[in-house]
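> I need the structure of the sequence given here:
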Amino acid sequence: MPSPQGRPPAEPRHFLDINEIDTAGLRRILALAVAEKARGQRRPLLAGKTLAMIFEIPSTRTRVSFEVAITQLGGHAVILDTAGSQLSRGETVADTARTLSRYVDIIMLRTVDHARTCEMAEYASVPVINGLSHQSHPCQLMADLMTFEEARGPIAGKVVTWTGDGNNMANSWIHAAGRLGFSLRIACPPELPPRAEDLQWAADQGADVSVTSDPRQAAAGADLIAADTWVSMGDDQSEHRHNLLAPYRVDRHLMACAKSTALFMHCLPAHRGEEVTSEVMDGPQSVVWEEAENRLHAQKGILLWCLAADGDGHDP
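Now for the predicted structure:
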């Protein structure tokens, strides 16, 4: 439908995956997040805007950070879970997207199936944010990048080690390596690798991404070691899976392989004693709580960018 001025509406700015946004766009989101954190005060940049959040899987950090972010920016959040929407009664994602687009200004979906996120974006006429899927977790990755650069400066040229399952967070780190110029070493069991298509994408970008089954080799001289829970979103919880991942636990011995200035990150929730020891998580190299805080600021950057309220010449 044309605008009142007769111009066709602009295509919505979706935030679905790191590799779908160019380097300048990612840098703009990070700059917005840093600026909003530095201001430390509420600004009604999104006054009158409404965010619909759909949770097909539960959340603590994603829900609270987005709801607080839109509120502090002057907007409002509407929160739906599967049982509280017609999605649980057979309405298609496409029809939900079309309907919500008539009510709200932006949609966030947290779901296991990434195809549902892509379908939401295809049929919505407002921006759609991937709040997490089995394929990727780009919102968390933006907070991680922000946290690293706050502590250690630009991530370009640095060495990041991912240890554990080659899961959605590993995939988002792969995407970021292809956009922001750092080296990524992934240590994982051969049975639990990252997605082959993401590794191929990184290779096509000329990114320095490698995969090994040796966590100590991957951690040698690293600037950052990152991990995630071993079991999430319906993963196999068998003893076999835990046995596969046990060698990839982050403990003081693995941290000692990295630089003395290396940071430790975990997107939370953590299972202490499994993927990370309490000694590391509560230790001086850990920035997990800074990461958690920065989810709030990163969400502000994402919301402002998606809604073109980022000072780029568009109306807020």
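> between the two ends of stretch 35-45, how far is it?
13 Å (C-alpha to C-alpha, to the nearest Å).
> who touches the lowest-mean-pLDDT helix or strand in the chain?
Least confident helix or strand of the chain, by mean pLDDT, DSSP states H and E, is helix 239-245 with a mean of 91. Here helix 239-245 makes contact (C-beta atoms under 8 Å, 6 or more residues apart in numbering) with 164-165, 189, 191-192, 230-231, 235, 274-275. In short, each C-beta sits where N, CA and C put it, glycine included.
> how about it: buried residues?
By neighbour count with 16 or more other C-beta atoms under 10 Å, helix 239-245 contains the buried residues 241, 244-245.
> the helix or strand just after that helix packs against which elements?
The helix or strand immediately downstream of helix 239-245 is helix 252-257, counting by DSSP states H and E. With contacts taken as 3 or more C-beta pairs under 8 Å, 6 or more residues apart in numbering; DSSP states H and E, helix 252-257 sits against helix 215-219, helix 278-281.
> of all these, which one comes closest to K49?
Between K49 and the helices and strands packed on helix 252-257, the shortest separation by C-beta to C-beta is 36.5 Å, and it involves helix 278-281.
> quick one: the closest one to chain centroid distance?
23 Å (C-alpha atoms, centre = their mean, to the nearest Å).
> how about low-confidence regions in the stretch 201-316 of the chain?
Along the stretch 201-316 of the chain, segments meeting pLDDT under 70 span 233-237, 311-316.
> now with 90, please.
231-240, 309-316 (pLDDT under 90).
> ditto for the stretch 1-150 of the chain
1-10, 40-43, 57-58, 81-91.
> ok so, going back, which among the buried residues of helix 239-245 gets closest to A222?
L245 (18.8 Å).
> what's the spacing between the closest one and S213?
Here L245 is placed at a distance of 12 Å from S213 (C-beta to C-beta, to the nearest Å).
> and for those two, which residues touch both?
Common neighbours of L245 and S213, counting by C-beta under 8 Å, 6+ apart, are P189.
> nearest to P58 among the buried residues of helix 239-245?
Closest to P58, out of all of the buried residues of helix 239-245 and judged by C-beta to C-beta, is R241, at 21.3 Å.
> all helices of the stretch 101-250 of the chain, in order?
Ranges of helices in the stretch 101-250 of the chain, per DSSP state H, counting those that start in this stretch, are 114-123, 138-152, 168-180, 196-204, 215-219, 239-245.
> and the top helix by length along the chain, what does it pack onto?
As assigned by DSSP state H, the longest helix anywhere in the chain is helix 288-306. Contact partners of helix 288-306 among helices and strands, from 3+ C-beta pairs under 8 Å, 6+ apart: helix 23-39, helix 61-72, strand 128-132, helix 138-152, strand 263-266.
> now with 7 Å, please.
Packed against helix 288-306 by the contact rule (3 or more C-beta pairs under 7 Å, 6 or more residues apart in numbering; DSSP states H and E) you find helix 23-39, helix 61-72, helix 138-152, strand 263-266.
> ok and it relative to helix 23-39, angle-wise?
On the basis of axes from the mean of the first three to the mean of the last three C-alpha atoms, to 10 degrees, helix 288-306 is oriented at 120 degrees to helix 23-39.
> I'd like to know which of the buried residues of helix 239-245 is nearest to A218.
For those, the nearest to A218 is L245 (14.1 Å; C-beta to C-beta).
> against D282, how distant is that closest one?
21 Å.
> could you do A151 as well?
In terms of C-beta to C-beta, A151 sits 17 Å off from D282.
> got it, and L80?
Taken as C-beta to C-beta, the span from L80 to D282 is 36 Å.
> which of these two has more neighbours?
When L80 and D282 are compared for neighbours, L80 comes out ahead with 19 against 12, by other C-beta atoms under 10 Å.
> bridge partners for that one, pull those for me.
I54 (DSSP bridges).
> so it sits against R63, correct?
No: using C-beta atoms under 7 Å, L80 is not in contact with R63, being 11.1 Å away.
> so what sits against both of those two?
Counting by C-beta atoms under 7 Å, 6 or more residues apart in numbering, the contacts common to L80 and R63 are M53.
> tell me how many other residues surround the closest residue in space to K37 that isn't next to it in sequence.
Distances taken as C-beta to C-beta, 6 or more residues apart in numbering place H297 nearest to K37, at 4.2 Å, with adjacent residues excluded. A total of 25 residues lie near H297 under the criterion other C-beta under 10 Å.
> residues contacting the closest residue to L132 other than its chain neighbours?
The shortest distance from L132 to any non-neighbouring residue, by C-beta to C-beta, 6+ apart, is to R110 (4.8 Å). Applying C-beta under 7 Å, 6+ apart to R110 gives the contacts 55-57, 59, 62, 131-132.
> if R110 is in a bridge, with which residues?
Here R110, judged by DSSP bridges, has bridge partners F55, L132.
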